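*Asks:* Any chance you can model this:
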Amino acid sequence: MSSVFIASSKKAIRLHLLSKESLNDWMQAQEKRFSTFAEAAGFKGQAGKFLLIPNSDGVVADVLFGVGEGDDPMVLTGASSSLPSGVYEIATPVPFLSVEQIAAGWADGAYRFNRYKKDDAEPAILVISKQDEREAAQIEEASIKLVRDLINTPAEDMGPTQIAEKIEELGKEFGAEVSQIIGDDLLKENYPMIHAVGRAAVQAPRYIELSWGNKKAPHIALVGKGVAFDTGGLNIKTGNYMRIMKKDMGGAAHAIGLARMIMAANLNVRLTLHIPAVENAIGRAAFRPGDVLNSRKGLTVEIDNTDAEGRLVLGDALTRACELKPDILMDFATLTGAARVAMGADVAPFFTNDEALATGIYQSGVDMGDPIWRLPLWKPYLSMLNSSVADIVNGASSPFAGTITAALFLQKFVDAPSWTHFDVWGWRLSKYGRPEGGAAFALRAVFNHLKREF
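*Replies:* Below is the predicted model:
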C-alpha cells in the first residue's frame, strides 16, 4: 500500500500546531497576516479546527491547526481527515504531542475504506524526515489499516475462509509457516468447541496457526476471536444488535495486525498466531442452550446462551497456544457489551496475571496516547459460572460484572506465566469528521511495549 508518510518535499505546506495557550504568543512573533486571518475566522486554537493561510500569491502556504487544551493525543486525525490533498510538514510543534502520536493521529484520519465505494480524493501526506521515525510510522500505518479493513469488510467477503486467506498472505509476505484445521477435522484434532460454534454455517469452521521468528527467542503467542459474523445463534440477537456483527472478528483482526507489526519490525521473538475462525449461524446443526460441550482442555462447558460463543472458540485456541509454552500470551476479543458499559467507546479494558507486564503496557498506552485500563480478575465472581451439570457454564448467573466473568471463563483455559486479555470493541463512532467503522484498540500500546522489550 502507498503510505501517507514521506521523507521530504520542496512544496510542503507548513502546518502550525497551536493550543489555546500558545496561540497568542505565537501570533505575536508572526507576520500580521496570520493574526488578521485568525481574527476574521474566529480561530482560537480550538481542537480540530484549522485555518488555511495564503501567501502573497494567493497560494496556501501555511495552515493553523488547533489542538485545544492538549488533552487529545489523537487530535491530528482532524487534520488528515479534513485538510485538502497535498503535502504538509510540521513547522510549529507542541511539546505534549510526540512524533508517534502525531503519526498515529495522521494515519488514523487519512484512512479510507473504499472497497465498495469509489473515492478519488487523495489523502493528505505528512513529511517525517527522520528515517527511523518514518519507517516506524509506516509499519504502524499499514498494520492498523489491515485491522480496520478486515473489520470493515462484511461477512459475505470476510468469512472464515477469507480470514484464513489473509493469514496465508501474511505468512507469504514475511516467511512464516501457516497451517489450518478445517471442518470435521477439528473434531479429529480435538478442537470441539470451535467446531460446535461454527458447524451450522455455510463456510466450515477452522483453526489457523501461524509460526514465525527465532525459535530460541522468547515466545509470544497471540490469540484472536475470529467470529466472522454473529447472529447470536439460537439465542438470536435483535436487529439493532446484529447490525454491525461483521465486526465480531475484530479480536482476530487485532491479533493479525499485531502479528504483522511484530514481523514487519523484525522483533527478536518467536511468534505464534492462533485464530479460531467461525460464523455463529442459525441452522439445523446449530448448538443449543443446555448443550454440554467438551473442550480441548478437558473441561466440560454447559451452554447457557449461544450468544456467548466467543469465549468458547477462544477456550480451545488458548489451550492450544498454552501447549506450546509461550512466555507471553495475549488474546484479543470483541467479547462483551459489558466492557463498553464500563469503559465507553474509547478505552479498552484488559486483564492480566502479570504485574510487570500490566505496568509496562499501561505506561506504553499513556506514552502512545492509546488508552487502556486494567480491570481485576476477581476470583469470587467465578461462582457466577458454576454449573450443576458441567465443569463451567458459558453465561454468568448475574448480569453484573459481565466483562470480568468473561475474562475469568477464559482464564480457566490458560496455563501460561504471563497472560493478558483485551476486551476490545473493534468499532468507533463518528467524530472529528471521520466515519463510523472498524477501529484498532490497544495495539499501539502493546506493540510499543514489546518493541522496547525485544
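*Asks:* can you tell me how far residue 435 sits from residue 336?
*Replies:* Here the criterion is CB to CB, to the nearest Å. By it, residue 435 lies 25 Å from residue 336. Glycine gets a C-beta too; all of them are placed from N, C-alpha and C.
*Asks:* who's more crowded, the two?
*Replies:* Higher neighbour count among residue 435 and residue 336: residue 336, with 22 against 13, using other CB atoms under 10 Å.
*Asks:* Spit out the contact partners of the more buried one.
*Replies:* 402, 403, 406, 423 (CB atoms under 8 Å, 6 or more residues apart in numbering).
*Asks:* Tell me which residues of stretch 369-381 come out buried.
*Replies:* Buried residues in stretch 369-381, counted by 16 or more other CB atoms under 10 Å: 369, 370, 371, 372, 375, 377, 381.
*Asks:* Please enumerate the strands of the stretch 151-300 of the chain.
*Replies:* For the stretch 151-300 of the chain, strands defined by DSSP state E, counting those that start in this stretch occupy the ranges 177-182, 206-213, 219-224, 226-230, 270-280, 292-293.
*Asks:* For residue 37, which of those is the nearest?
*Replies:* Residue 37 sits nearest to strand 219-224 of all the strands of the stretch 151-300 of the chain, at 48.5 Å, using CB to CB.
*Asks:* Can you check what angle separates the closest one from strand 270-280?
*Replies:* Strand 219-224 runs at 10 degrees relative to strand 270-280, counting by axes from the mean of the first three to the mean of the last three CA atoms, to 10 degrees.
*Asks:* Partner strands of strand 219-224, with direction?
*Replies:* The strands beside strand 219-224 in its sheet (DSSP bridges) come out as strand 270-280 (parallel), strand 328-333 (parallel).
*Asks:* need those strands in TSV with mean pLDDT, mean neighbour count and distance to residue 259, can you?
*Replies:* Formatted as TSV, the strands paired with strand 219-224 follow (pLDDT from 0 to 100; neighbours: other CB atoms under 10 Å; distance: least, CB to CB, whole Å):
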stretch	mean pLDDT	mean neighbour count	distance to residue 259
strand 270-280	98	28	5
strand 328-333	98	28	11
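*Asks:* circling back: just the ones in strands from the buried residues of stretch 369-381, please.
*Replies:* Among the buried residues of stretch 369-381, the members found in strands (DSSP state E) are residue 372.
*Asks:* wait, which of the contacts of residue 336 is closest to residue 185?
*Replies:* Nearest to residue 185 out of the contacts of residue 336 is residue 406 (CB to CB; 28.2 Å).
*Asks:* just checking, that closest one is part of a helix?
*Replies:* Yes: assignment of residue 406 by DSSP: H, G, I helix; E, B strand; the rest coil places it within a helix.
*Asks:* can you offset everything so residue one is 14?
*Replies:* Sure, I'll start numbering at 14, so the last one becomes residue 419.
*Asks:* Look up how far residue 292 lies from residue 208.
*Replies:* Distance from residue 208 to residue 292, counting by CB to CB: 13 Å.
*Asks:* intersection of neighbour lists for those two?
*Replies:* Jointly contacting residue 208 and residue 292 under the rule CB under 8 Å, 6+ apart are residue 218.
*Asks:* Break this protein down into its domains, please.
*Replies:* 18-123, 153-466 (automatic domain parsing).
*Asks:* Looks like residue 119 contacts residue 139 (just checking).
*Replies:* Yes: because the distance of 4.9 Å satisfies CB atoms under 8 Å, residue 119 is recorded as touching residue 139.
*Asks:* buried ones in the longest helix belonging to the chain?
*Replies:* Identified as the longest helix of the chain according to DSSP state H is helix 144-165. Judged by neighbour count using 16+ other CB under 10 Å, the buried positions of helix 144-165 are 146-147, 149-165.
*Asks:* Which of the contacts of residue 349 are buried? Put it as a ChimeraX command.
*Replies:* A single ChimeraX command selects the buried members of the contacts of residue 349 (16+ other CB under 10 Å):
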select :415,416,419,436
